[in-house]
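Enquirer: 3D, please:
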Amino acid sequence: MSRYLLLLIILISFSCKAFSQASVAAQAFAEVISALTATETSQLNFGKFSPEVQGGQVIVTPDGIRTTSGSVILSGGIANSGIFYITGAPDAAFSIQLPSGPAVLVHQKSSKTMLVSNWVSYPQAGNGTGILENGQQFVYLGATLNVGSMLDNPVGLYSGAFNLTFAYN
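Expert: Here you go, the predicted model:
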């Protein structure tokens, strides 16, 4: 019996000292997605109004509702939110970065100015707040136009530019 025990101990000691290795063939993947694009389909337009004696504000919401404060009186004409068409990879998240400061609208004849501020968007600005459902999404932009008196802001057309940034997350 001790002979078998000795043989068993010898076999176990050899099997414990044996080292094993394994190799596996692995794979890596990468996927290129389409570029993110943004197109302005409708310009932000505060419409027609009169600032009257004190001036005030004209507010356009992302859903296109226009209101005023101060002595500003609304008139007819078209007023609407800015609308941007975003395309890219289906179901990808993207961020919306609104202007960091005010935009300046300049009177075409006198160089008088008005400032656009308090930017707001739908979907809300931030990282990953937009989703490209089926590779597309509309972003709606609203803001506040700060208007001076009739002396500060004479009759006429005012225009200016601003930058928005859309990026994949």
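Enquirer: Using CSV, write down the CA coordinates of the longest strand along the chain.
Expert: Using DSSP state E, we find that the single longest strand of the chain is strand 136-147. Output in CSV follows, covering the C-alpha atoms of strand 136-147 (Å, rounded to 0.1, in the frame of the first residue of the first chain):
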residue,chain,number,x,y,z
GLN,A,136,-31.7,63.7,-37.7
GLN,A,137,-33.0,66.3,-35.3
PHE,A,138,-34.3,69.9,-35.3
VAL,A,139,-32.9,72.4,-32.8
TYR,A,140,-35.1,75.4,-32.0
LEU,A,141,-33.5,78.6,-30.7
GLY,A,142,-35.0,81.5,-28.8
ALA,A,143,-33.5,84.7,-27.3
THR,A,144,-34.1,88.1,-25.9
LEU,A,145,-33.6,91.3,-27.9
ASN,A,146,-32.7,94.3,-25.7
VAL,A,147,-34.2,97.4,-27.3
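Enquirer: what's the straight distance from one end of stretch 154-161 to the other?
Expert: Length of stretch 154-161, first residue to last, CA to CA, to the nearest Å: 20 Å.
Enquirer: scratch that, stretch 94-114 is what I was asking about
Expert: End-to-end for stretch 94-114, by CA to CA: 31 Å.
Enquirer: before we move on, what about stretch 103-113?
Expert: Span of stretch 103-113 from end to end, CA to CA: 10 Å.
Enquirer: per-residue pLDDT, the residue positioned nearest the centre of the chain?
Expert: Taking CA atoms, centre = their mean as the criterion, residue 96 is the residue nearest the geometric centre of the chain, at 1.2 Å. The confidence metric pLDDT takes the value 97 at residue 96.
Enquirer: show me the contacts for the residue lying closest to it once chain neighbours are set aside.
Expert: Take residue 96 and drop its neighbours on the chain: the residue closest to it by CB to CB, 6 or more residues apart in numbering is residue 125, 4.5 Å away. Using the backbone N, CA and C atoms, a C-beta is placed for each residue, glycine as well. Taking CB atoms under 8 Å, 6 or more residues apart in numbering, we find residue 125 in contact with 95-98, 119.
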